[in-house]
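1. Sequence first, predicted coordinates after that:
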Amino acid sequence: MDVESMYQEVILDHYRNPHGRGLRDPFDAEVFHVNPTCGDEITLRVTLGDGDVIEDVSYWNQGCSISQASASVLFDEVVGKTVPEALATLDAFVELMHTKGQAEPDEDILGDLVAFSGVAKYPARVKCALLSWMAMRDAVENAQKEEPGHE
Amino acid sequence: MDVESMYQEVILDHYRNPHGRGLRDPFDAEVFHVNPTCGDEITLRVTLGDGDVIEDVSYWNQGCSISQASASVLFDEVVGKTVPEALATLDAFVELMHTKGQAEPDEDILGDLVAFSGVAKYPARVKCALLSWMAMRDAVENAQKEEPGHE
Amino acid sequence: MTLDVGAIRSDFPILSRTVRDGKRLVYLDSGATSHKPRQVLDAERRFLETSNAAAHRGAHQLAEEATEAYEQARAAIAEFVGAAPGEIVFTKNATEAINLVAYSFLNATLKAARDAPLPPGADRFVLAEGDEILITEMEHHANLVPWQELCAKTGAVLKWIGLTDDGRLDLAALDVLLTDRTRLVSFVHQSNILGTINPVEVITQRAHAMGALVLLDACQSVPHMPVDVRALGVDFMAWSGHKMLGPTGIGCLWGRADLLADMPPFISGGSMIETVTMERSTFADPPQRFEAGVPMISQAVGLHAAADYLSDLGMDRVQEHEHALTGQALAGLESLAGVRIIGPRDNTDRGGAVSFVVDGIHPHDLGQVLDDDGVAVRVGHHCAWPTCRRYDVPATTRATFHVYNDKDDVDALVEGVLRAQRFFGVI
Amino acid sequence: MTLDVGAIRSDFPILSRTVRDGKRLVYLDSGATSHKPRQVLDAERRFLETSNAAAHRGAHQLAEEATEAYEQARAAIAEFVGAAPGEIVFTKNATEAINLVAYSFLNATLKAARDAPLPPGADRFVLAEGDEILITEMEHHANLVPWQELCAKTGAVLKWIGLTDDGRLDLAALDVLLTDRTRLVSFVHQSNILGTINPVEVITQRAHAMGALVLLDACQSVPHMPVDVRALGVDFMAWSGHKMLGPTGIGCLWGRADLLADMPPFISGGSMIETVTMERSTFADPPQRFEAGVPMISQAVGLHAAADYLSDLGMDRVQEHEHALTGQALAGLESLAGVRIIGPRDNTDRGGAVSFVVDGIHPHDLGQVLDDDGVAVRVGHHCAWPTCRRYDVPATTRATFHVYNDKDDVDALVEGVLRAQRFFGVI
Ligand SMILES: Cc1ncc(COP(=O)(O)O)c(C=O)c1O
Ligand SMILES: Cc1ncc(COP(=O)(O)O)c(C=O)c1O
């Protein structure tokens, strides 16, 4: 069945054992994002270091396996990267999500995110996958605004 | 053609030479009625006498041949009658208008109003035919309210 | 006499399509929107191919026919709920119908404050700072947000009746909540998330005794059971066409004639006026006063056909049919380990909106697996987010029924849940 | 290249019916509402028979398909007027679209007065006592009454641009009428009664120079000529689906993205929210913020097909076609004794709404005789009553055209008028 191709083992693993979950101090910016159609929500904090490096992403979320797993993968993929690198990954992920499962995902950029390519076939779920990533982008922008040194 | 059965000579005569048109003093009640879809309008006054007799109906109106002719016939039919008689004529006219041209009109009650039976086939025009009559009913009610002796 | 579901299904072309690579479509989302029988599609098309014109706007033959079709639809809908034709206002959906009442309060209040012309009895709609609107904790957002908005703009205060653990209104609190400041009590007839059918007469009597008006959100009752506005005794009732086998884009507000007459206009424009000058306008009588602009003409015709279709089936039989499916669903789901019904577990005073949560599976994931089986349910907060919070669930999975559902559909639901439990390894 | 009207007519089933005992239907009332081609009826039916579901409300396959169809419609409509999809709000008709903007001003004003939460730039919509709204004397009631209502509730002042004897805006007065208190200029692109096409860019530039926003009523332009919102430079534009060969029950508001973002909600309820608690709600981004409740889904699909149909014909060719018919009608009518055109007699900067009066025959009576010939025109004040007053006529007879009209239709009109003149003995 098709749904099996969506719920890759990687996704279910991240869902059951999310990485980096929990809210940590200190942080540079905190945002709250919600998916109004289903109620999935995430509170996400970022801490930026020198050279625009993302030192930490901490979060508390509630939602389906897709949104939970995607936040866990986000933690793995962006912590330690620079903001431009993280945003490039975000862009690649957004693109993957909008191909309706047709594209050949680039594992080098996407890492574990490739496991989400099955999600792209279900437009209603794409927002679940992107929820934490949109929150991250928003938080990073806020952090950069608040700390002019980072601009 | 059908339209000829609607525009009876009687109607066109009343339209060209309306009876009783003009606003006269004194009066017991004055009302203003309008047909919002086409803008036909009438200002109508009634004067009641002893024994609920309608002594005068005077009016100023603007509108199509049907609404103008119907006001003229109204003048002929109700002046000199008692309020109950006038309202009975109104009821008979309303009924005629709602039969879509199927009913056999009663000339004894309706007088020249029988000429309007062709109008009943055209629902959009029924309001034109009834405009002055509804105004008359309204004015009579107001007149009776204002003069408790008439109740 | 039970419904002949096989015959009914053949009236609904969409039910013969398949989904997700050839699966039979098991549509259990009629609470969101229902499908439309051939009779409705045909009526609308026939109208558009023969009598299309702007109703109430012309004197030519097509305009006459269109006006007559539109007004016949109004009369048929009125009859369907035991009302007079002049008391039915067509809106685009139930949401607009509820907003119409909320904005009547707002507009009456604002105009009164500026001595602008108002209908004679409009003071029934004039709010003072601290006046109260009473709703419940099981309202759809459509019967919650408009009142929050009204309060934010007038200084009125929103209160609500809480819920018991078994999904009913906590009426014990009603005596305290209803005060002499309560101007309106607005509540749902059948909850779209819990399935609860509320005791309309009881609440209405107590509201009226305190001088409050009553608005009933009948979105989930009119399509599923016999509803008679006079018997219920309420003052207003709102519902949608698209949930009662009719088209989208049309809803209804029923209001007592004397109340409608006293309400200032909401949406204004053409064909709701009496006279217009550049300086000022006066307004037509209801229902026209509330139907500005070219209305939903062919949709009214379609809704007429939908009401006829349901009447031909018989609303008591429709209710019986759905009651049986509800009982089957409640029993089947409760037979599964780790499944919890959100709403009354008891199949009395409840309709066919069966919400549930499954331990260890988020509703979105459950919905996905069910969808993969061809079983279409709704997942999320069902536009009743505060109700989810009350029961401490982020979302639920909800199955809803209509005349075209049968036992097999319910079986497919229960089996699908079981399969999802296996798939996610929670049993 | 001219339109192949014969081929077009065969797409419109209603045109092959007869009226009044076998007369060919000469439909000259498209200004009230247009007919719908088979392509539109088929698209809507196909959707309802295959993908019907509540858009934006579910995760199952039908809901996905319905959401996609609905959003594709939005994108197609946006493209049709040169806008971005997120700038198109679907309403029930143009009237609602204009009211939406009027109520944005009202709601922003009221919320600001009570320090209720508002979008960051909402002060653009906050009115002070004495602020001004500028319209014109040729507005449809839909673009007049909502502003009267807004003023009655806020203390803002309504002003209007007068008309010249030949049916044009008297722009000489514009300098005086536009002041630093003018907050909005709202006017019609093509008058539905006079046919006048107004100089949008000129008025818009001067309005913007004074800091006012501009709303364009495009009900009679979008269906009949190429319209590009960016080229026009306005801030908002409203129009209806049912006049552009689409279904009733759907209209559009286009608004500049930054403006829509700053507007508080109008109709509130489900699917326009971000978060909801019993205490307070926050709202979704546009366009969802303005689309509370289950929307006009199949109607959007039908409208999409209508836009495609018109695009396939080519809007410049549509305009050319109607321009020719207008010229023919103006010449034909003016060739008759006792006929007077109300509106520009000159076929430049005017579209195909040809209003006229005939000495000695009330428009109602004229319309009746025309109808008897199968010629369907509109008679009355055309929801532009003040415009009638301006030209000192109680009503007019109006012929309007669309892609399915041809020379024979115009001939039938002119002959019908002549016959009426003979019938009533005025010539
Ligand atoms: C110029 C103009 N504005 C507004 C409207 C109102 O459109 P609707 O009735 O579809 O809301 C119309 C048509 O009736 C119109 O011609
Ligand atoms: C109980 C209830 N109220 C209100 C609504 C709103 O109806 P609509 O979206 O058709 O306006 C719904 C359905 O969505 C509902 O179930």
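-> Structure received. Ligands and ions are numbered 1, 2, ... in the order given.
2. Going by C-alpha atoms from here, please, whenever you check contacts or count neighbours.
-> OK.
3. how about the strands in chain A?
-> Secondary structure of chain A (DSSP state E): strands at A:29-34, A:41-48, A:54-62.
4. of all the ones you listed, which gets the most neighbours per residue?
-> Neighbour counts (mean count of other CA atoms under 10 Å in any protein chain shown) averaged over each of the strands of chain A peak at strand A:41-48, with a mean of 24.
5. Any part of it near chain C?
-> No: Strand A:41-48 lies out of reach of chain C by CA under 8 Å from any CA of the partner chain, never closer than 9.3 Å.
6. so what's the residue in the stretch 1-150 of chain C that chain B sits nearest to closest to, chain neighbours aside?
-> Taking CA to the nearest CA as the measure, the stretch 1-150 of chain C has C:A59 as its residue closest to chain B, at 5.3 Å. Nearest residue to C:A59 in three dimensions, chain neighbours excluded: B:A124, at 5.3 Å (CA to CA, 6 or more residues apart in numbering or on different chains).
7. Could I get the contacting residues of the residue nearest to C:V26 when sequence neighbours are not counted?
-> Computed as CA to CA, 6+ apart, the closest residue to C:V26 that is not its neighbour in sequence is C:V375, at 4.6 Å. Remark: with contacts taken as CA atoms under 8 Å, 6 or more residues apart in numbering or on different chains, C:V375 is in contact with C:25-28, C:409, C:412-413, C:416, D:60.
8. Check those residues one by one and keep those near ligand 1.
-> Among these, no residue lies close to ligand 1 (CA under 6 Å from any ligand atom).
9. Just the residues you listed: which are in strands?
-> C:26-27.
10. with the contacts of C:V375 in mind, which one is nearest to A:E141?
-> Among the contacts of C:V375, D:H60 lies closest to A:E141 (CA to CA), at 34.5 Å.
11. Just the pLDDT for the closest one.
-> D:H60 carries a pLDDT value of 94.
12. A:Y59 too?
-> Model confidence at A:Y59, given as pLDDT, is 98.
13. if we can go back for a sec, can you tell me how far the residue nearest to C:V26 sits from D:H362?
-> Distance check for C:V375 against D:H362: by CA to CA, to the nearest Å, it reads 62 Å.
14. returning to that earlier point: wouldn't the residue nearest to C:A59 be in contact with C:A55 here?
-> No: if you go by CA atoms under 8 Å, B:A124 and C:A55 don't touch, sitting 10.5 Å apart.
15. Give me the common contacts of the two.
-> C:E64.
16. helix, strand or coil for C:A142?
-> Judged by DSSP: H, G, I helix; E, B strand; the rest coil, the three-state class of C:A142 is helix.
17. which residues touch it?
-> By CA under 8 Å, 6+ apart, C:A142 lies in contact with C:94-95, C:98, C:383, D:268-270, D:292-293.
18. at 6 Å what do you get?
-> Taking CA atoms under 6 Å, 6 or more residues apart in numbering or on different chains, we find C:A142 in contact with C:95, D:269-270.
19. Quick check: whatever residue of the stretch 101-250 of chain C ends up closest to ligand 1 vs C:A54, distance?
-> Ranking the residues of the stretch 101-250 of chain C by distance to ligand 1 (CA to the nearest ligand atom) places C:G249 first, at 13.7 Å. The gap separating C:G249 from C:A54 is 17 Å, by CA to CA.
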